[in-house]
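**Student:** Next input, structure requested:
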Amino acid sequence: MFITKDNFKLGLVLGIIAPIFGVILYYFLKFAKTFSFGEFLEILFNHKALITAISSFSLLANAIIFTIYINTRKDSTAKGIFVVTCFYAIVALILKLFIK
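**Tutor:** Here you go, the predicted structure:
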């Protein structure tokens, strides 16, 4: 099982995938009843205020898997997750500050 592996590349992959699931989960919790996923993405790109909410929810997904790997002492995998989380956070900040 992949949770028992301690690999930096695995951490990078998990760090990329978890926020995607976070965005999908956010969509189902907040928007699925009224908008299609395509409409949701259009709303996301047109409303700057949603960037903060969605990035927070997505990075929470990374925080959960990061905590799991830290607690199981899989430090290399946790480092990969942390690197991607920092990258996502910087991108979200740039989008929030510089995109209209």
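
**Student:** contacts and neighbour counts: CA atoms only from here.
**Tutor:** OK.

**Student:** where in this protein is pLDDT low?
**Tutor:** Within the chain, the ranges that satisfy pLDDT under 70 run 1-3, 99-100.

**Student:** ok, 80 please
**Tutor:** When residues are selected by pLDDT under 80, those of the chain lie in 1-5, 45, 47-49, 51, 95-96, 98-100.

**Student:** List the contacts of the residue nearest the centre of it.
**Tutor:** Geometric centre of the chain, nearest residue: Pro19, 2.1 Å, by Cα atoms, centre = their mean. Pro19 makes contact with 57-62 under the criterion Cα atoms under 8 Å, 6 or more residues apart in numbering.

**Student:** neighbours of Ala53, just the number please.
**Tutor:** Using other Cα atoms under 10 Å, Ala53 has 12 neighbouring residues.

**Student:** For Ile17, see how far away Asp6 is.
**Tutor:** Counting by Cα to Cα, to the nearest Å, the separation of Asp6 from Ile17 is 17 Å.

**Student:** whoops, Ile54 was the one
**Tutor:** From Ile54 to Ile17 the distance is 15 Å (Cα to Cα).

**Student:** And for Leu25?
**Tutor:** Note on Leu25: its distance to Ile17, by Cα to Cα, is 13 Å.

**Student:** Which one's more surrounded, Asp6 and Ile17?
**Tutor:** Applying other Cα under 10 Å to Asp6 and Ile17 shows that Asp6 carries more neighbours, namely 19 against 15.

**Student:** ok, the more buried one touching Gly80?
**Tutor:** No - the criterion here is Cα atoms under 8 Å, and Asp6 misses it with Gly80 at 10.0 Å.
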